[in-house]
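Engineer: need a 3D model of the following:
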Amino acid sequence: MALEDDMNNGDAEVRAPLVHQPKNKVDEEDGTTYHHGGNQWMVYLSTFVAVCGSYEFGCCVGYSSPTQSAIMEDLSLSTAEFSMFGSILTFGAMIGAITSGPIADLVGRKGAMRVASAVCVAGWLAIYFAEGVIPLDIGRLASGYGMGVYSYVVPVFIAEIAPKELRGALTAANQLLIVCGVSVSFVIGTFVTWRALALIGLIPCAVVVFGLFFIPESPRWLAKTGRHRDFEAALQKLRGKDADISDEAAEIQDYIETLERLPKAKILDLFQRRYLRSVIIGVGLMVFQQFGGINGICFYVGNIFESAGFSSSLGTIIYAVLQVVVTALNTVVIDRAGRKPLLLVAATGLVIGCLLTGTSFYLKEHGLAVNSAPILAVVGILVFIGFFSAGMGSVPWVVMSEIFPINIKGVAGSLATLVNWFGAWAVSYTFNYLVEWSSYGTFFLYAAINALAIVFVITVVPETKGRTLEQIQAAINA
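Structural biologist: Below you'll find the model as predicted:
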C-alpha cells in the first residue's frame, strides 16, 4: 500500500543522521556546536514567565486545605459538598490535559498559556463571588482545567526554548514552582480569608499574561508551522544577538522537515512501531509517578501522622519544608547527574520509605515496639517525600517534554498528562479504602509498585542528558 510505503520511507528518514557537521568548536559528547557569543538572559526570563504558570498550578492544588473549615462554615456546606469541591479540580485537570496538546499545537505554546491563565482567572473570580455550592464548583472546575493545560504546556515550552546544557534544570523548575505554590498557599491561607486567597491566586496569572508580551514563542513550534523568519528571530533572541545559531537552526529545520513528510498524527498513530517506545516511556513514567502512592500520602499526610501517633502539624511542616528544599536541589543536579540515575535513586528511596511506613503500621497494629512505631512512620514518610522530590516528582515531566517528536507532541503529551491526572485521582480516591483494608498492606503495595518502577527505568528509559531534542527523538524513534 502507498501509505505503508510512506511509513517505511519515513522510518528510514528518521534514522538518517540529522546533525550537520559543525564548523566551530564542538561538544565532545555528541558533536553539537556551542553557541559562541550567546547570552542566556532571555531563556531565563522566558522560563520565569512560564513557571509562574507552574506556581499557579500549585496555588490551585494548595487552596482547599487551609480554607476547608471557613468555606464550609460560611456557605453551610456538608462534608460531601466540600469533598466534591476539592475533587472536582482533578476532573477539570483531566479535561485540560485532553485539550492541552491540540491547543498548544493550534495557537502555540504562548497561546496555550494565555488560555490557561484566562480560564484560571475566571475560576478564581467564580470562587471569590460564590454564595453557594454551584458557582464554587464551577470555579474549581475552571481552575482545574487551566491547571491541566499548564501541566503540559509549561515543561514542553521550556524544553523547546532551552539549550541542552540547561534544559534539565530549567524544566525541573516547573516542579519546584508547583511545590512552592502549594506550600505558600497553605501558609498564606492560615492568615487570610478564603475569598482573599482566591484573589491572591490571580497574581501568577497576571504575571504570565503580562510576561508573555516580552518573550518569544517556541522556535520549534514556529518552524513546525512554517513561519521561518519568526523561527530564526525567536531562536536568535533566545541565544543572544551575537550567537551563531546557524547549526542549531539547520538541525531543527532538517528534523522538522523530515517529520512533516509523515502523515499527521492521530491518537491511534501513537501505537505505531516508530512512536511506540516514546509513548511507553512517557506514559509509563506517569503511571509509576502517580501509582507509587504520592497523592494518597500527600493529601492525607496529616491523618497518616495522627494514625501513627505523631504530631500532625509538626509532621506536615517538616514535610512541606523538606519537599521544597529537595526539589530545589534537584534543579541543580539534574543536568549533572542525568535523568536515569535520579529516577533510579528516587524509586529506590520510595521503596524504602514505603517499607518503613508499612512496617510502622504493622508494629502498631500488632502491639509491637509501641514507642518506636511513630518515629518509624515519620522517618518513612519523610524518606518517601524526600526521594520523590529528588527525582520521581520532576524527572518524568522533564523526560516527557524531551522524547516526543514535534509532529506527535500534542497528541502524545495530552495522553501522558491525562494518564497522570487519572492516576492522581485514582490514588487519592482509593487511598482511604486501602487503609481501611490494611494500613500496612497499603504501603507494602506501594513499595511493590515502586520496585516495578526500578525495573522499568533500567530496561526502558534512556538517558537524555546532554543531547538535543532532535538527537533524543531520532534515537528513540529509530
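Engineer: name the element the residue of the chain positioned farthest from its centre belongs to?
Structural biologist: Here the chain reaches farthest from its C-alpha mean at Gly367, the gap being 40.7 Å by C-alpha atoms, centre = their mean. For Gly367, there is no host helix or strand (DSSP states H and E).
Engineer: now do the one 3 residues further on
Structural biologist: Per DSSP H and E, Val370 falls between elements, in no helix or strand.
Engineer: for the one 10 residues further on, same thing?
Structural biologist: Element membership for Gly380 (DSSP H and E) is helix 373-387.
Engineer: is Phe310 in a helix, a strand, or coil?
Structural biologist: Recorded secondary structure, Phe310: coil (DSSP: H, G, I helix; E, B strand; the rest coil).
Engineer: ok, back up a step: can you give me phi and psi for the residue farthest from the centre of the chain?
Structural biologist: phi 70, psi 30 (degrees, to the nearest 10).
Engineer: circling back: could you identify the helix or strand that succeeds the helix holding Gly380?
Structural biologist: By DSSP H and E, the next helix or strand past helix 373-387 is helix 395-403.
Engineer: CA atoms of that following helix as PDB?
Structural biologist: The C-alpha coordinates for helix 395-403 follow below in PDB (Å, rounded to 0.1, in the frame of the first residue of the first chain):
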ATOM      1  CA  VAL A 395      12.100  14.000  36.100                       C
ATOM      2  CA  PRO A 396       9.100  12.300  34.400                       C
ATOM      3  CA  TRP A 397       7.900  15.700  33.300                       C
ATOM      4  CA  VAL A 398      11.400  16.600  32.000                       C
ATOM      5  CA  VAL A 399      11.600  13.300  30.000                       C
ATOM      6  CA  MET A 400       8.100  13.700  28.700                       C
ATOM      7  CA  SER A 401       8.900  17.100  27.300                       C
ATOM      8  CA  GLU A 402      12.000  15.700  25.600                       C
ATOM      9  CA  ILE A 403      11.100  12.400  24.000                       C
END
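Engineer: surely Arg467 is within a strand?
Structural biologist: No: Arg467 is assigned coil when assessed by three-state DSSP, not a strand.
Engineer: count of neighbours near it?
Structural biologist: Neighbour count for Arg467, taken as other C-beta atoms under 10 Å: 20. The C-beta positions use only the backbone N, C-alpha and C, and glycine is treated the same way.
Engineer: for Ala369, same thing?
Structural biologist: Counted with other C-beta under 10 Å, Ala369 comes out at 14.
Engineer: who's in contact with it?
Structural biologist: Leu363, Leu376 (C-beta atoms under 8 Å, 6 or more residues apart in numbering).
Engineer: give me the pLDDT for it.
Structural biologist: Ala369 carries a pLDDT value of 72.
Engineer: for it, give me phi and psi.
Structural biologist: Here Ala369 shows phi and psi, under degrees, to the nearest 10, equal to phi 50, psi 60.
Engineer: let's number from 20 now, not from 1
Structural biologist: With the count now opening at 20, the last piece we talked about shows up as Ala388.
Engineer: so where's the protein shaky on pLDDT?
Structural biologist: 20-58, 278, 281-284, 318-319, 321-322, 327, 331-332, 335, 496-497 (pLDDT under 70).
Engineer: so which elements touch the longest helix along the chain?
Structural biologist: For the chain, the longest helix by residue count, based on DSSP state H, is helix 98-148. With contacts defined as 3 or more C-beta pairs under 8 Å, 6 or more residues apart in numbering; DSSP states H and E, helix 98-148 has these neighbours: helix 60-81, helix 83-94, helix 152-180, helix 213-219, helix 221-230, helix 238-243, helix 428-456.
Engineer: try it again with 6 Å
Structural biologist: helix 152-180, helix 213-219, helix 221-230, helix 428-456 (3 or more C-beta pairs under 6 Å, 6 or more residues apart in numbering; DSSP states H and E).
Engineer: picking that back up, which strands and helices lie in contact with the helix holding Gly399?
Structural biologist: Packed next to helix 392-406, using 3+ C-beta pairs under 6 Å, 6+ apart, are helix 331-356, helix 358-384.
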